[in-house]
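S.K.: Sequence first, predicted coordinates after that:
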Amino acid sequence: MFMIICSHCQAKIYSGDEVKSPKQILRLYKGRCKKCDSPLDPEDFSIEVRESS
């Protein structure tokens, strides 16, 4: 599963099986978190890989 999470409030911006670029997802939300309205910069994303259980 692929997720994009807001670093400010930990809200889930995107969750799905299809890997998408942060720019593509953020375009849908006009570059802001849908929960806390913080600006999200696609350059600030980090990648974390976890084994699913």
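M.R.: Alright, I've got the coordinates. Numbering: from 1, shown residues only.
S.K.: only C-alpha atoms for contact and neighbour calcs from this point on.
M.R.: Fine.
S.K.: Is residue 3 in a helix, a strand, or coil?
M.R.: strand (DSSP: H, G, I helix; E, B strand; the rest coil).
S.K.: for residue 51, same thing?
M.R.: Applying three-state DSSP: residue 51 is coil.
S.K.: so who does it touch?
M.R.: Applying CA atoms under 8 Å, 6 or more residues apart in numbering to residue 51 gives no contacts.
S.K.: Burial check on the closest residue to residue 18 other than its chain neighbours, number of neighbours?
M.R.: Excluding the flanking residues, the one nearest residue 18 by CA to CA, 6 or more residues apart in numbering is residue 2, at 6.7 Å. Neighbour count of residue 2, defined by other CA atoms under 10 Å: 13.
S.K.: Which residues are in contact with residue 2?
M.R.: 14-19.
S.K.: switch to 7 Å and redo it
M.R.: Residues near residue 2 by CA atoms under 7 Å, 6 or more residues apart in numbering: 15-19.
S.K.: for residue 38, same thing?
M.R.: Residue 38 makes contact with residue 32, according to CA under 7 Å, 6+ apart.
S.K.: for the protein, what spans make up the strands?
M.R.: Ranges of strands in the chain, per DSSP state E, are 2-5, 12-16.
S.K.: CA atoms only for the last one - export them in CSV, please.
M.R.: So the one you mean is strand 12-16. In CSV, the C-alpha atoms belonging to strand 12-16 read as follows (Å, rounded to 0.1, in the frame of the first residue of the first chain):
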residue,chain,number,x,y,z
LYS,A,12,-3.8,10.7,5.3
ILE,A,13,-3.7,12.6,2.1
TYR,A,14,-3.7,9.6,-0.2
SER,A,15,-3.8,5.8,0.4
GLY,A,16,-3.9,3.2,-2.4
